[in-house]
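# Sequence first, then the predicted structure, then my questions.
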Amino acid sequence: MTFTPGVESAVDWDALRKAEFPVSERWAYFDHAAVSPLPRRTTAALCEWSGDVARNGVVSWPDWSRRLEEIRVRAARLIGADPDEVAFVNSTTQGIGLVAEGFPWRPGDSVVTAAEEYPSNIYPWMNLADRGVTLRTVPSREGRVWVEDLAAAMDASTRVLTISHVEFASGFRNDLDALGELCRSRGVALFVDAIQGLGPLVIDVRRTPIDFLAADGHKWLLGPEGAGLLYVRRDWIDRLRPLGVGWHSVVGSYNVPAPDFRLKPSAQRWEGGSFNMPGLQALGASLGLLLELGPAAVSRRILERAEAVRERAASAGWRVFGSDRPEDRSGIVALERDGVAPDEVARGLRRRGVVAACRRGRLRISAHVYNNDADLDLLEACLASER
């Protein structure tokens with residue numbers, strides 16, 4: 001079956017489910033904040049690449065390489081960037097590390113972040129201690145990260161604010177517009193770990209003054225692991241020290257008789273060597289699907305599904321953790337219930353055909369666009385039975 005997307009206001013989500021998500025035939029899948037199942041078109045892209053390499057070896061490599069640039073355009077379009085500001089990376093962690101290690105630090109500089117960040121947005125900054133850089137972590141209050149607390153942690157030494165668009169365990173959505181304003185007023189660079197926000201929320205780096213952004217594709221972008229993107233705002237490209245430099249980082253050919261070390265004037269200077277070609281081809285297929293549906297339509301649907309999860313969970317006797325303000329919510333719903341162990345609940349759900357996760361002592365539910373009311377009914381019934 002071929003799915004033909006309609007206008008944003010009239011997407012047939014049931015047709016999409018049947019056409020693109022075979023996972024729905026077996027599971028009520030609510031763990032997209034961990035690893036998403038692949039759409040059919042994405043699986044087809046992987047099979048096309050592997051079949052071609054099996055039959056032809058390197059013969060078709062120029063065609064696959066040209067497709068990479070089409071995928072770069074898609075990735076840039078998704079976040080409102082110029083393609084020259086986008087580099088492919090194999091993980092969000094790699095993207096964070098390239099910026100953390102390449103930033104023009106001075107001894108005595110500081111970085112500010114939220115204490116509840118995922119470890120990959122903590123450790124690369126802690127690793128700068130031997131260069132005289134201090135990491136300041138700001139604890140949450142009342143289930144949310146407060147802009148004023150982040151601001152209070154900044155001073156004249158602060159060079160970078162690094163923050164997740166959405167916190168992985170609580171699902172709290174940080175206000176990137178407010179943080180962008182704060183950073184611009186303080187002369188601080190803004191780094192966004194977008195892996196839990198890109199998809200459920202629309203990001204426009206032209207509207208919101210984000211300096212750096214990284215996201216792998218295996219969560220909400222419906223791609224495979226090991227294929228993601230790094231955004232570097234144009235005016236930072238020559239200010240960051242390039243790391244991982246190799247044959248693809250320079251403007252000349254790898255086949256010239258003598259070295260010609262002239263770095264590319266784009267984010268591609270961080271793409272030093274061979275690509276994860278199958279992963280990126282697959283990611284391109286998933287990005288194509290999301291762009292066909294429309295990023296705004298995808299966001300509305302995911303947030304609507306998340307709201308339905310909150311309502312069903314409350315009816316089943318669970319507490320929704322976090323802020324009650326709609327503008328603080330995301331595609332992640334964190335749940336609590338007295339007298340139950342969330343990790344045991346997650347295992348029990350799996351036995352009944354429901355896939356969810358436990359993160360930092362709470363049950364984490366993360367629905368996507370294709371989750372239907374039958375999935376929600378099963379989830380509610382399972383949650384209600386956990387005593």
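Good, I have the coordinates. What you are looking at is a predicted structure, and each value in this text was computed from that prediction instead of being measured. Residues are numbered from 1 along each chain as shown.

# averaged over its residues, what pLDDT does stretch 57-73 have?
Stretch 57-73 carries an average pLDDT of 96.

# Any chance you could list what contacts it?
49, 52-53, 83, 86, 88, 275, 277, 280-281, 283-284, 287 (Cβ atoms under 8 Å, 6 or more residues apart in numbering). In this view, the C-beta of every residue, glycine as well, is placed from N, C-alpha and C.

# Looking at those, which is nearest residue 161?
residue 86 (21.5 Å; Cβ to Cβ).

# close enough to count as contact, that closest one and residue 270?
No - if you go by Cβ atoms under 8 Å, residue 86 and residue 270 don't touch, sitting 10.1 Å apart.

# who touches both of those two?
Shared contacts of residue 86 and residue 270, defined by Cβ under 8 Å, 6+ apart, are found at residue 230.

# Straight-line length of stretch 366-374, end to end?
Terminal residues of stretch 366-374 lie 15 Å apart, using Cα to Cα, to the nearest Å.

# Tell me the buried residues in that stretch?
Using 16 or more other Cβ atoms under 10 Å as the test for burial, stretch 366-374 gives 366-371.

# could you dump the residues you listed to TSV with secondary structure, pLDDT and distance to residue 18?
Converted to TSV, the buried residues of stretch 366-374 look like this (DSSP: H, G, I helix; E, B strand; the rest coil; pLDDT from 0 to 100; distance: Cβ to Cβ, whole Å):
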residue	secondary structure	pLDDT	distance to residue 18
366	strand	98	21
367	coil	98	17
368	coil	98	15
369	coil	98	13
370	coil	98	9
371	coil	98	13
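
# Now flag whichever of those residues is closest to residue 211.
For the buried residues of stretch 366-374, the nearest to residue 211 is residue 366 (27.5 Å; Cβ to Cβ).

# re the thing from before, hmm, which of the contacts of stretch 57-73 are the buried ones?
49, 52-53, 83, 86, 88, 275, 277, 280-281, 283-284, 287.

# Quick one: mark the members of those that sit in helices.
49, 52-53, 277, 280-281, 283-284, 287 (DSSP state H).

# quick one: the helices in the stretch 201-350 of the chain?
277-293, 295-315, 342-351 (DSSP state H, counting those that start in this stretch).

# Remind me what the last one packs against, helices and strands.
Contacts defined by 3 or more Cβ pairs under 8 Å, 6 or more residues apart in numbering; DSSP states H and E place helix 342-351 against strand 357-359, strand 362-366, helix 373-385.

# list the buried ones in it?
Using 16+ other Cβ under 10 Å as the test for burial, helix 342-351 gives 342, 345-346, 348-349.

# From residue 249, how far out is the residue sitting furthest away from the middle of the chain?
Distance from the C-alpha centroid of the chain, by Cα atoms, centre = their mean, peaks at residue 257 (40.6 Å). Applying Cβ to Cβ, to the nearest Å, the value for residue 257 to residue 249 is 19 Å.

# nearest to residue 181, of the buried ones among the contacts of stretch 57-73?
Nearest to residue 181 out of the buried ones among the contacts of stretch 57-73 is residue 86 (Cβ to Cβ; 24.2 Å).

# who does that closest one bridge with?
Under DSSP bridges, the beta-bridge partners of residue 86 are residue 231.

# so what's the backbone phi/psi at residue 55?
phi -80, psi -30 (degrees, to the nearest 10).

# any idea how far residue 362 is from it?
48 Å.

# Compare neighbour counts for these two and give me the winner.
A direct count of neighbours by other Cβ atoms under 10 Å for residue 55 and residue 362 places residue 362 higher, at 22 against 9.

# Run through the residues that contact that one.
169-170, 321, 334-336, 342.

# Then residue 355?
Contacts of residue 355 were listed using Cβ under 8 Å, 6+ apart, and they are 27-31, 349.

# go again using 7 Å as the cut-off
The neighbours of residue 355, taking Cβ atoms under 7 Å, 6 or more residues apart in numbering as the test, are 27, 29-31.

# quick one on the thing from earlier: deepest of the helices and strands packed on helix 342-351, which one?
strand 362-366 (a mean of 27; mean count of other Cβ atoms under 10 Å).

# what about stretch 237-256, how long is it end to end?
End-to-end distance for stretch 237-256: 25 Å, by Cα to Cα.

# Buried ones in that stretch, by neighbour count?
Buried residues in stretch 237-256, counted by 16+ other Cβ under 10 Å: 237, 240, 242-245, 248-250.

# circling back: just send the buried residues of helix 342-351 back as a markdown table, with pLDDT and distance to residue 179 too.
Listed next are the buried residues of helix 342-351 as a markdown table, based on pLDDT from 0 to 100; distance: Cβ to Cβ, whole Å:
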| residue | pLDDT | distance to residue 179 |
| --- | --- | --- |
| 342 | 94 | 30 |
| 345 | 95 | 34 |
| 346 | 96 | 32 |
| 348 | 96 | 39 |
| 349 | 97 | 35 |
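
# circling back: Throw the helices and strands packed on helix 342-351 into a markdown table and include distance to residue 219, thanks.
A markdown table is the format used below for those (distance: least, Cβ to Cβ, whole Å):
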| stretch | distance to residue 219 |
| --- | --- |
| strand 357-359 | 11 |
| strand 362-366 | 8 |
| helix 373-385 | 18 |
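
# Minimum distance to residue 265: which of the ones you listed has it?
When the helices and strands packed on helix 342-351 are compared by Cβ to Cβ, strand 362-366 sits nearest residue 265, at 38.5 Å.

# Hey, what's the angle from that closest one to helix 342-351? Just curious.
Inter-element angle recorded for strand 362-366 and helix 342-351: 40 degrees (by axes from the mean of the first three to the mean of the last three Cα atoms, to 10 degrees).

# Strand 362-366 vs helix 373-385, what angle?
Going by the same axes, to 10 degrees, strand 362-366 makes 170 degrees with helix 373-385.
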